[in-house]
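Student: I would like the atomic coordinates for the input below:
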Amino acid sequence: EYYLHTYVDIFCKKGKEYYCFDVKNRNFKENIKQLNQFDMTSFEVFNYDRIQSTKKEVKLKIMIIITKGKETFYKIFDWSDFEVPKKYSVETNTATKVKLKDGLKLQTFTKF
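Tutor: Coordinates of the predicted model:
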């Protein structure tokens, strides 16, 4: 089962567990500094932090899809795998760029 929501791409249920999925797409290019940067709105950051802090049945997952030439790769992450810039404030900024704490390593992704 799945449901559409305003700040997640997919809200779904598997068995008795609920998941919020946000999907981020990226084209792979060699030597691009922005490969590990993902745009997030303040609404997303605020709600993802709130979902994580509630520790309820809803599990927040972020799927990153990378296209490299004719190949496509994906990996599913937890919100805790990302870091939000320290100077970022939900009250004063409308959006920010988050990045994976351990960097984006394409060799750890699964090929479609």
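Student: contacts for stretch 70-84?
Tutor: With CB atoms under 8 Å, 6 or more residues apart in numbering as the test, stretch 70-84 has contacts from 38, 40, 45, 48-49, 51-52, 60-67, 96, 98-102, 106, 108-112. C-betas here are computed from N, CA, C, even on glycine.
Student: Give me the subset of those residues lying in helices.
Tutor: Among the contacts of stretch 70-84, the ones falling in helices (DSSP state H) are V45, Y48, D49, I51, Q52.
Student: tell me the contacts of the last one?
Tutor: Pointing back at Q52 there. Q52 touches L60, W79, S80, counting by CB under 8 Å, 6+ apart.
Student: List just the nearest of those to D22.
Tutor: L60 (7.8 Å; CB to CB).
Student: Identify the bridge partners of that closest one.
Tutor: C20 (DSSP bridges).
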